[in-house]
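Novice: pasting a predicted model and its sequence here:
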Amino acid sequence: MKKKILIVEDQFIEANHLRIMLERAGYEVSGIARSVEQAEEQVAKEAPALVLLDIFLTGTRTGIELAEQLREANIPFIYLSANSNEEILNAAKATHPNGFLVKPFREKDLLVALQIAEYHHENGLEAKLRKEAIFQKQLTAITQEKLAREQTLLKIAQVLQPLFPFDMMAVGYVGELPHVTHVLHFLRIGFNEYQVIDAQGLRVVSNLKLEEFNTLQSKMTPAVDVEIHTGAAFKKLAAEPSVRKLIATTFGMNSYLGFPLQTVHQVHGLPFLAFYSRRPDAYNEEHKALCYRMMPLLSQTLQHLVKSEKPAAFEQDRNVSPTTYSTNNQVNTFEGIIGQSHLLLNVFDLISQVAPVDTSVLITGESGTGKERVADTIHALSMRKTQPLIKVNCAALPTNLIESELFGHEKGAFTGAFEKRTGRFEQANNGTIFLDEIGDMPLETQVKLLRVLQQKEIERLGGKAPVKVDIRIIAATNRNLEKEVAEGRFRLDLYYRLNVFPIQMPSLSDRKEDIPLLVDHFLQYYGRKTGKKITGVSEKGLRALALYDWPGNIRELENVIERSVLLAKGTLIDQIILPTNSVAKVSGKSEEARLKTIFENERDHIIAVLKKCNGRIRGSQGAAEILDIPPSTLGSKMKKLGIKRDFGY
């Protein structure tokens, strides 16, 4: 049976051309709509298998509005667009399309995009069902272990984490009076590491008197339906005196998802589950739908727990400290990525989810945040871990040789090609290729890369036939690719093809609580390397490190610690020498002029030249020419010195 495709395009010639291409490929065109209203009628009438959707249509409504309805109806769709600004791109991306084609495109590009969209749609549904099926098996196994209630709930919290990402989970019963309200809170403090806090522990942590805490607890009302509060809505909710406000202010939460667990056997009141996250956009309508699907299973499990004897952990008159439980194998799993901040834990969760599958990954973030480490970890945890991981720095490749480096060439393909060369993609066959600084790739090479991603084959320069390759793509950039797309420097369809699974690396200034762990790691490393026994950094030194903004992120911190170890005269580092632009912030007053280090002088000089060239590196009067060094060398120096292309020095 032919698959029906609806074309939503207001240009008659383009729509008719699409119809011809689709029918020639064996698809059935269910209709052509020029406006959102016409498309809504045809979707209701025909129920197409897929929609080709232009963004700008006849009338006041855009394709983005229709896309939201298609997503709710679970109908896959592909955007068609000639150009889009950054605002439009962000709005389109938020609808989670199944593909993006930039006009004009070839018939082959369209057919490949359709195949990819169908594959992702089917496998996306399958992945969701598979994840829920795994959770059901895990939940059944947990209830059969015959553990104490607190430990059982802890294990349930761990298996719920992939479904409902949270920084704190609350589970318990809300009754009519404070003395029948019993809640346990599970605060995430590491990867697979949680702190269990009962009511008394929550009161102690929040430093409230018993009367104050009981007053807040008495205001708890049982939820009668799924509640989602994020961003401004959560702030409004957290402004009202309640336990939720207490949790929000004590632990810095910004999102809430809660729902009742309807059970036949209710002992202390109405049972509920609630999730809190520090992210302001943590929960959405998909989580709400998931809650309804999970309710019967979770209700049944909690009903089983209710029937067991009430544990002491639920008693409010116990004066105990929060208990920490851990099945933490973070050191082995994420070797080389140091930290336990909630932003980094979110990265760990994403790595765990995407590593076992072959999905393309786009890692974004400032220079020096650890993007390459994430790529290493994804490969190490993947099914391809025994195969090669080939790394390519796109910014360092000479423009005239980039195709030869990536795709290879035959002997005699061009002047100087004295022998056949195997490109990086062929070297990575059956393994993973890491394309670092993908935002610096020239447009003409982007087109060829897109075809490699879509067709899984390359063409060597001078070659007579394409070569099939089986590779996984991991790309990284410190640029804002949405902005690059809007300004015409990066292809929209390539961006979408790479951005299947995005991972945003937080800057060090956003996770300063990880600085002590990073400092300790670098002290041990450079202590061993230099043969010095360094025990730590003084309080004054740590305070200076915490006050600095770290424009060069972890790489800059590593350089500072290495320099401090080399200059250390004892076992404790008391004086931290930071770049000159941090002195006023650290000390609160200007410091007397001092000699700069070679590191600082080189960094300042490159920044001054870049500013003079308006950020241009290559070409006539570019920074590389003025500095009299190759562009690739300048790119490497900028990366080492923590200099960003967007002048966020």
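Specialist: That came in fine, so what should we check first?

Novice: could you pull out the helices in the stretch 501-649 of the chain for me?
Specialist: 515-530, 539-547, 553-567, 583-587, 598-612, 623-627, 631-641 (DSSP state H, counting those that start in this stretch).

Novice: so can I have CSV of these showing distance to Gly488 and mean neighbour count?
Specialist: (Glycine included, C-beta is placed from N, CA and C.) Converted to CSV, the helices of the stretch 501-649 of the chain look like this (distance: least, Cβ to Cβ, whole Å; neighbours: other Cβ atoms under 10 Å):
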stretch, distance to Gly488, mean neighbour count
helix 515-530, 38, 16
helix 539-547, 40, 15
helix 553-567, 29, 20
helix 583-587, 38, 14
helix 598-612, 22, 15
helix 623-627, 22, 18
helix 631-641, 21, 19
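
Novice: pick out the shakiest of these, pLDDT-wise.
Specialist: Mean pLDDT is lowest for helix 583-587 among these, at a mean of 41.

Novice: which sections of the stretch 251-400 of the chain are below the confidence cut-off?
Specialist: 263-269, 303-333 (pLDDT under 70).

Novice: helices of that one, start to end?
Specialist: Using DSSP H, counting those that start in this stretch, the helices found in the stretch 251-400 of the chain span residues 285-307, 330-333, 342-354, 371-380.

Novice: among these, show me which one is buried the most.
Specialist: Across the helices of the stretch 251-400 of the chain, averaging neighbours per residue (mean count of other Cβ atoms under 10 Å) puts helix 371-380 on top, at a mean of 21.

Novice: counting by contacts, list what that helix packs against.
Specialist: Under the contact definition 3 or more Cβ pairs under 8 Å, 6 or more residues apart in numbering; DSSP states H and E, helix 371-380 sits against helix 342-354, strand 361-364, strand 389-393, strand 432-436, strand 472-477.

Novice: roughly how far is it from the heart of the chain?
Specialist: Computed by Cα atoms, centre = their mean, to the nearest Å, the chain-centroid distance of helix 371-380 equals 13 Å.

Novice: re the thing from before, so which of the helices of the stretch 501-649 of the chain comes closest to Gly368?
Specialist: For the helices of the stretch 501-649 of the chain, distance to Gly368 was read as Cβ to Cβ. The smallest value, 3.4 Å, belongs to helix 553-567.

Novice: contacts for that closest one?
Specialist: Residues outside helix 553-567 that contact it (Cβ atoms under 8 Å, 6 or more residues apart in numbering) are 366-370, 507-508, 515, 518-519, 522-523, 526-527, 530, 532, 534, 537, 541, 545, 550, 552, 573, 575-579, 597, 599, 639-640, 642.

Novice: now swap in stretch 213-224 and tell me
Specialist: 174, 177-178, 181, 199, 202-203, 206, 208, 241-243, 245-246, 258-260, 269-270, 272.

Novice: now that stretch: buried residues?
Specialist: Residues of stretch 213-224 classed as buried: Phe213, Asn214, Leu216, Gln217, Met220, Ala223 (neighbour count, 16 or more other Cβ atoms under 10 Å).

Novice: which SS state does the third one fall under?
Specialist: Following DSSP: H, G, I helix; E, B strand; the rest coil, the label given to Leu216 is helix.

Novice: gap between it and Glu107?
Specialist: Relative to Glu107, Leu216 is positioned 64 Å away (Cβ to Cβ, to the nearest Å).

Novice: ok, Glu419 touching Lys411?
Specialist: Yes: counting by Cβ atoms under 8 Å, Glu419 does reach Lys411; the two are 5.4 Å apart.

Novice: okay, now the domains of this structure?
Specialist: Structurally, the chain divides into domains by automatic domain parsing as follows: 4-109, 145-326, 332-506, 509-641.

Novice: just send these back as TSV, with distance to Ala117 too.
Specialist: Shown next, in TSV, are the domains of the chain (distance: least, Cβ to Cβ, whole Å):
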stretch	distance to Ala117
domain 4-109	4
domain 145-326	19
domain 332-506	11
domain 509-641	35
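
Novice: ok, which of the helices of the stretch 501-649 of the chain comes nearest Arg61?
Specialist: Comparison of the helices of the stretch 501-649 of the chain against Arg61 by Cβ to Cβ identifies helix 553-567 as nearest, at 42.6 Å.

Novice: angle of the closest one against helix 598-612?
Specialist: Compare the direction of helix 553-567 with that of helix 598-612 by axes from the mean of the first three to the mean of the last three Cα atoms, to 10 degrees and you get 150 degrees.

Novice: got the CA coordinates for helix 553-567 in CSV?
Specialist: Below are the C-alpha coordinates for helix 553-567, written out as CSV (Å, rounded to 0.1, in the frame of the first residue of the first chain):
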residue,chain,number,x,y,z
ASN,A,553,36.7,27.1,31.2
ILE,A,554,38.3,23.8,32.4
ARG,A,555,41.2,24.1,30.0
GLU,A,556,42.1,27.5,31.6
LEU,A,557,41.7,26.1,35.1
GLU,A,558,44.0,23.3,34.2
ASN,A,559,46.6,25.7,33.0
VAL,A,560,46.3,27.8,36.2
ILE,A,561,46.7,24.7,38.4
GLU,A,562,49.7,23.4,36.4
ARG,A,563,51.4,26.8,36.7
SER,A,564,50.6,26.9,40.4
VAL,A,565,52.1,23.5,41.0
LEU,A,566,55.3,24.4,39.1
LEU,A,567,55.6,27.6,41.3
